[in-house]
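Colleague: quick check, what structure comes out for this input:
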Amino acid sequence: MKSIVINIGNTNIRFGLFDDDNCDISWILNTKPYRTSDEMQMQFMMMYQTHRIEADKIEKIIIGSVVPQLTHDVSRAIQKIHNKKPIIVDRTTPSGVQPKSKQMGTDIYANLVAAHHLYPADKKKIVFDFGTALTASCINESGETIGVIIAPGIITALNSLIHDTAQLPEIELIKPKSVLGLDTVSCMQSGMVYGYLGMVEGFVDRINDEVKDDCFVIATGGVSHVYKPLTDKIQIADRLHTLKGLYYLGQDL
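Modeller: The predicted structure is shown next:
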């Protein structure tokens, strides 16, 4: 079965083409500026053409969103393209995971669902999502949510730093040559890379202490690939992790 899965985030909309459980193709569109459903329809159709996706061959469309004002417009655009209603999933969608909170975002819930499906059943799991916010969510072996941490995202913090200072430039988020820099760019790179790496490693240690276990750690989100090679506390980095969780949520609907 071919499915399109769409994750509507605060910064980006990520699409994935699934052939059964495998995501063969994915792409990202910027969430802002907001567009009308007609504009979105044209943009989505252009991406379909780019990736040679035939709309009539798609059997299911699954959408998860943390931006309510966009959910309707994206759904409407997708319905015009496929002539079928997409499936909207959220924290109320039944799964093997118990969210335990009426405030849990769809993305966090999907992250936990994917972790529960894909990774060791005999271990507690932590999922770090390096998005507009940096979130760390923890789930136990039976699928019960233990808790969540929310902090400012790396790019969010970097943009704020650049915006609120007169002389700090935009930088590429890559590992600097050394922790201590002698030029502005490498100094900023060190602060953003090693500063947030220290936060992530500290969260892992504190969560492990609190749950009295050595959790299996997954990283996802736009810049997760920057941090995975720098620490042995992250076992898996998968940019498509959230999409996979949405796919599992919509699989039986």
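
Colleague: what are the ranges of the strands in the stretch 51-200 of the chain?
Modeller: Assigned strands in the stretch 51-200 of the chain, in chain order: 60-65, 87-89, 125-130, 133-139, 145-152 (criterion: DSSP state E, counting those that start in this stretch).

Colleague: out of these, which is the most enclosed?
Modeller: Comparing those by mean neighbour count (mean count of other CB atoms under 10 Å), strand 125-130 ranks first with a mean of 27. Every C-beta, even on glycine, is put in place using the N, C-alpha and C of the backbone.

Colleague: could you pull up phi and psi at the residue located most distally from the centre of the chain?
Modeller: Note on the chain: the largest C-alpha distance from the chain mean falls to Leu182, namely 33.8 Å (CA atoms, centre = their mean). Torsion angles at Leu182 (phi, psi; degrees, to the nearest 10) stand at phi -120, psi 0.

Colleague: quick check, Ile53 in contact with Leu17.
Modeller: Yes - using CB atoms under 8 Å, Ile53 makes contact with Leu17 at a distance of 6.1 Å.

Colleague: overlap in contacts, the two.
Modeller: 4, 25 (CB atoms under 8 Å, 6 or more residues apart in numbering).

Colleague: ok, back up a step: against Pro229, how distant is the residue farthest from the centre of the chain?
Modeller: 24 Å (CB to CB, to the nearest Å).

Colleague: in the protein, which residue is most central in space?
Modeller: Geometric middle of the chain (CA atoms, centre = their mean) lands on Gly221, at 4.3 Å.

Colleague: my guess is that residue contacts Ala237. True?
Modeller: No - judged on CB under 8 Å, Gly221 makes no contact with Ala237 at a distance of 9.3 Å.

Colleague: before we move on, the earlier item: disregarding flanking residues, what is the spatial nearest neighbour of the residue nearest to the centre of the chain?
Modeller: In space, and not counting its chain neighbours, Gly221 is closest to Phe130: 3.4 Å by CB to CB, 6 or more residues apart in numbering.

Colleague: again, but for Val66
Modeller: Gly105 (5.0 Å).

Colleague: quick one: pLDDT of that neighbour?
Modeller: According to the prediction, Gly105 has pLDDT 95.

Colleague: wait, doesn't it sit right on Arg91?
Modeller: Yes - counting by CB under 8 Å, Gly105 touches Arg91, with 7.4 Å between them.

Colleague: residues near Lys32, how many?
Modeller: 10 (other CB atoms under 10 Å).

Colleague: would you say Lys244 is within a helix?
Modeller: Yes - counting by DSSP: H, G, I helix; E, B strand; the rest coil, Lys244 is found in a helix.

Colleague: what sits against it?
Modeller: 23, 110, 114, 117-118, 238.

Colleague: now do 10 Å
Modeller: Lys244 makes contacts with 5, 16, 18, 21-23, 110-111, 113-115, 117-118, 220, 238, as judged by CB atoms under 10 Å, 6 or more residues apart in numbering.

Colleague: out of those, which are inside helices?
Modeller: Those of these mapping onto helices are 110-111, 113-115, 117-118, per DSSP state H.

Colleague: so which of these wins on neighbours?
Modeller: Busiest of the ones in helices among the contacts of Lys244 [other CB under 10 Å] is Ala110, holding 32 neighbours.

Colleague: for that one, which non-adjacent residue is spatially closest?
Modeller: Gly245 (3.1 Å).

Colleague: in this structure that neighbour contacts Gly105, no?
Modeller: No - using CB atoms under 10 Å, Gly245 is not in contact with Gly105, being 11.7 Å away.
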